[in-house]
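Student: Structure for this input, please:
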Amino acid sequence: MTDRRLDAASAWPQPTVLAGLVLAIACLYWARAIFIPIALALLITFLLSPVVAMVRRSGLTQVPAVIVVVSLTCLLAGGLGWALFSQITTLANDLPRYRETIARKIADVQRVGRGGALEKVEDTAKDVIAQLERADPPGTRPIPVVLSAPNRLWQIPRIIEPVGSAVFVLVLLTFMLVQQRELRARVVRLFGPERLAETTRAFDDAGARISRYLVAYSSLNAGFGLTIALGLFFLGMPFALVWGFFATMLRFIPYAGAWTAALIPIATSLAVFDGWMKPLLIGGLFAVSEALVVFVLEPLFFARSAGVSSIALLIAAAFWTWLWGWIGLALAIPLTVCLVVFSRAIEGLEFIEILVSNDPGLAPHVIYYQRVLAADEHDAASLVREAARSGSSEAAYDAILVPALARARHDREVGQLTPAEYAYVIAVTREVLDRDARAVASSALRPVVVVGCPLQDEADRLVLEMLGRLLEPSGRTVQTGPAGVPVAQTLAMQPQLICLSSMEGGGRVRDLVKRLRDACPDIPILVGCWGLRSPAELRAELALAGADDLVTSLAEARAAALRLTTTSARRDLQPAAR
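Tutor: The predicted model follows:
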């Protein structure tokens, strides 16, 4: 998946794709009266598909199962709507009873602001208004115009339009559920007739992911609303069902929905209850419930925001609100998740996933390398520190530092990095490595000497320093010689193991292994070609040249060094024992 994302990132979408997207957005805007019911029906289809499948397991066929599920859904929605309407009506009739409480709250606020800045602002505003009224001559004052209420017959089109849309959504939902298999086959035929198996898997996976997300997200929002309703009921707040329903619906709006839902019951509690304790408790109820859902339940049921970044969700909320109004705002998260999932399956739309997904699509070593080039040493060091904390220093070296050095070497060789920039990358990496260094208890025994031989430059030397840090706890000491592997100086260090470090693999490595083997036939030679993807062929060539082992990562190098030094020590002890 990562390689495919990188390939998609390297090629910006073609002009035809961009033109198609612009045309699609224009169609969605101008034909929103049709596309909004279609989107609602499609999302509800994804939501009810698992329920239909569950009902079918009882022995019913597709059509009866759909009729049962749609009927129960309509009954549930109708019952909830009736209860909601009755409570709203009762609330409107009971509001005059709370006039005295509202007046006391206003008096309390005025008492707090009396003599302070609030009173000064009010006095200044009154003086300005009085001066403006004195400045206007009586003849220039506008004549009030009274408009009579329109006839109720003019309201009929406004009522018919939402009712017609609801009926259209219901009919379309029923047909989508009944003909779900046929619709899937048509979509597969439309997008991938030549790649039937791949397209089928992609769209089945997309449909399953969207259904799971919608079910989980709707369940969490319903649980949030139920918690709010029960909490308000036990606090004595009237019409708790109304506030719980609004909390469920408004929480579909990203980030601001839950807090918007909290404003109305808090404001109503100021009118209902004497004192300030109950409004504060209601605010705390919303805060605790939202924190529990965001920080505990959402990460438990699906990865944060279902794989969509926070910035993308904010932009998507603004985009869908502009496109379809408040309905688009409520559908922003589900529609964005659908867009991300389907962009993985449709060729040419991979850039949408790269821009919107919570995963940047870059390997950790690429992010580290980019941060170093941007002179953000703190962020680069934090990335390595987090990787070491979640795994180990060995894993952080292999996953981030060594591949970043190999990439920097490649960029230097092809001319993308100047010598100064290349030296800066190595210097920053050495500084990060020094920050990660931990104190190691010294051993009383004579340490085992491992001579590190960098093949070319400081990058090869720096990898050997990482290997030395990994071998220190086991009593192995890595002494790094100069680049180019001078044989005489290497032998002067009296090594128990020679470790050759290289960012490349080829003839130069083989030649150096032959020279070392001819000069020291009894000392094990370990070759580290860091990041090599296909070491099988080179391993055979180096074995013929005299190398004992070939490794491509520091984890393999550490294990091989421990094994080879232990074998060498046993071989040295055998003549002494005899």
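Student: Give me the below-cutoff pLDDT ranges for the stretch 101-250 of the chain.
Tutor: 101-123, 125-159, 187-188, 190-196, 198-199, 202-203, 205-206 (pLDDT under 70).
Student: Kindly report the domain assignment for the chain.
Tutor: 364-434, 443-577 (automatic domain parsing).
Student: Show me how far the longest helix that the chain contains is from its chain's centre.
Tutor: For the chain, the helix that runs over the most residues, judged by DSSP state H, is helix 196-234. The gap between where helix 196-234 is centred and where its chain is centred comes out at 17 Å by Cα atoms, centre = their mean, to the nearest Å.
Student: same check, this time on stretch 414-426
Tutor: 32 Å.
Student: May I have that stretch exported as CSV, CA atoms only?
Tutor: The C-alpha coordinates for stretch 414-426 follow below in CSV (Å, rounded to 0.1, in the frame of the first residue of the first chain):
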residue,chain,number,x,y,z
VAL,A,414,23.1,11.9,-8.3
GLY,A,415,23.7,15.6,-7.6
GLN,A,416,20.5,16.4,-5.6
LEU,A,417,22.5,17.2,-2.5
THR,A,418,25.5,19.5,-2.3
PRO,A,419,28.5,18.4,-0.2
ALA,A,420,27.6,20.9,2.5
GLU,A,421,24.0,19.5,2.7
TYR,A,422,25.2,16.0,2.8
ALA,A,423,27.6,16.8,5.6
TYR,A,424,24.8,18.5,7.4
VAL,A,425,22.6,15.4,7.2
ILE,A,426,25.4,13.3,8.7
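Student: Which positions within that stretch qualify as buried?
Tutor: Neighbour-count burial for stretch 414-426, counted by 16 or more other Cβ atoms under 10 Å, picks out 417, 422, 424-426. The C-beta positions use only the backbone N, C-alpha and C, and glycine is treated the same way.
Student: Mean confidence (pLDDT) on that stretch, please.
Tutor: Across stretch 414-426, pLDDT averages out at 88.
Student: coming back round to it: can you name the secondary structure element that comes next after the longest helix of the chain?
Tutor: helix 240-250 (DSSP states H and E).
Student: can you give me the angle the longest helix of the chain makes with helix 240-250?
Tutor: Per axes from the mean of the first three to the mean of the last three Cα atoms, to 10 degrees, the angle that helix 196-234 makes with helix 240-250 is 150 degrees.
Student: and helix 196-234, what does it pack onto?
Tutor: Counting contacts by 3 or more Cβ pairs under 8 Å, 6 or more residues apart in numbering; DSSP states H and E, helix 196-234 packs against helix 32-56, helix 180-191, helix 240-250, helix 257-272, helix 277-292, helix 298-301, helix 332-345.
Student: out of the domains of the chain, nearest to Trp30?
Tutor: domain 364-434 (41.1 Å; Cβ to Cβ).
Student: Beta-bridge partners for Cys499, please?
Tutor: Beta bridges link Cys499 to Gly452, Leu526, judged by DSSP bridges.
Student: Please name the residues that touch it.
Tutor: 450-453, 464, 467, 478, 526-528, 557, 561 (Cβ atoms under 8 Å, 6 or more residues apart in numbering).
Student: Turn these into JSON lines, including pLDDT.
Tutor: Shown next, in JSON lines, are the contacts of Cys499 (pLDDT from 0 to 100):
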{"residue": "Val450", "pLDDT": "83"}
{"residue": "Val451", "pLDDT": "83"}
{"residue": "Gly452", "pLDDT": "82"}
{"residue": "Cys453", "pLDDT": "83"}
{"residue": "Leu464", "pLDDT": "87"}
{"residue": "Leu467", "pLDDT": "87"}
{"residue": "Val478", "pLDDT": "83"}
{"residue": "Leu526", "pLDDT": "88"}
{"residue": "Val527", "pLDDT": "87"}
{"residue": "Gly528", "pLDDT": "87"}
{"residue": "Ala557", "pLDDT": "88"}
{"residue": "Ala561", "pLDDT": "87"}
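Student: Pick out the most distant pair among these.
Tutor: Greatest spacing in the contacts of Cys499, by Cβ to Cβ: Val478 and Val527 (14.9 Å).
Student: Compare neighbour counts for these two and give me the winner.
Tutor: More neighbours surround Val527 than the other of Val478 and Val527, with 33 against 24 (other Cβ atoms under 10 Å).
Student: what sits against the more buried one?
Tutor: 499-500, 502, 509, 513, 542, 547, 549-551.
Student: Check the gap between Leu250 and Pro521 for me.
Tutor: 78 Å (Cβ to Cβ, to the nearest Å).
Student: still on that earlier bit, export the helices and strands packed on helix 196-234 to a markdown table and tack on distance to Glu537 and mean neighbour count?
Tutor: Formatted as a markdown table, the helices and strands packed on helix 196-234 follow (distance: least, Cβ to Cβ, whole Å; neighbours: other Cβ atoms under 10 Å):
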| stretch | distance to Glu537 | mean neighbour count |
| --- | --- | --- |
| helix 32-56 | 50 | 18 |
| helix 180-191 | 40 | 13 |
| helix 240-250 | 62 | 22 |
| helix 257-272 | 59 | 19 |
| helix 277-292 | 56 | 16 |
| helix 298-301 | 45 | 13 |
| helix 332-345 | 35 | 22 |
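Student: and Ala396, which of these is closest to it?
Tutor: Taking these one by one with Cβ to Cβ, helix 298-301 is closest: 23.6 Å.
Student: What segments of the stretch 451-578 of the chain are helices?
Tutor: For the stretch 451-578 of the chain, the helices defined by DSSP state H, counting those that start in this stretch cover 458-471, 487-492, 507-519, 535-545, 554-577.
Student: doesn't Phe245 make contact with Ile264?
Tutor: No: in this structure Ile264 lies outside contact range of Phe245 using Cβ atoms under 8 Å: 11.4 Å.
Student: nearest to Leu538, of the contacts of Cys499?
Tutor: Closest approach between the contacts of Cys499 and Leu538, by Cβ to Cβ: Val527, at 8.6 Å.
Student: any idea of the angle the helix or strand where Asp411 lies forms with helix 458-471?
Tutor: Using DSSP H and E, Asp411 sits in helix 402-413. Put simply, helix 402-413 runs at 170 degrees to helix 458-471, going by the same axes, to 10 degrees.
Student: Any chance you could list what contacts helix 402-413?
Tutor: By Cβ under 8 Å, 6+ apart, the surrounding residues in contact with helix 402-413 are 363, 365-366, 368-369, 372, 417, 419, 422, 425-426, 429, 457, 459, 462-463, 466, 503, 530-531, 553-554.
Student: Next: stretch 312-331.
Tutor: For stretch 312-331, the surrounding residues in contact (Cβ under 8 Å, 6+ apart) are 25, 28-29, 32, 35-36, 39-40, 43, 249, 252-255, 305, 308, 332-333, 335-336, 355-358.
Student: run the last query once more with 7 Å
Tutor: 28-29, 32, 36, 39, 43, 252-254, 305, 332-333, 335-336, 356 (Cβ atoms under 7 Å, 6 or more residues apart in numbering).
Student: By neighbours, which of the contacts of Cys499 wins?
Tutor: Each of these was scored by neighbours using other Cβ under 10 Å; the highest score is Val527's, at 33 neighbours.
Student: That one and Met249, how far apart?
Tutor: Counting by Cβ to Cβ - Val527 and Met249 are separated by 65 Å.
Student: which regions of the stretch 401-550 of the chain lie under the pLDDT threshold?
Tutor: 436-446, 483-492, 505-507.
Student: again, only this time at 50
Tutor: Residue ranges of the stretch 401-550 of the chain with pLDDT under 50: 439-444.
Student: can the domains of the chain go into TSV with extra columns for distance to Pro64?
Tutor: Shown next, in TSV, are the domains of the chain (distance: least, Cβ to Cβ, whole Å):
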stretch	distance to Pro64
domain 364-434	51
domain 443-577	56
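Student: what's the closest of those domains to Asp274?
Tutor: Comparison of the domains of the chain against Asp274 by Cβ to Cβ identifies domain 364-434 as nearest, at 51.4 Å.
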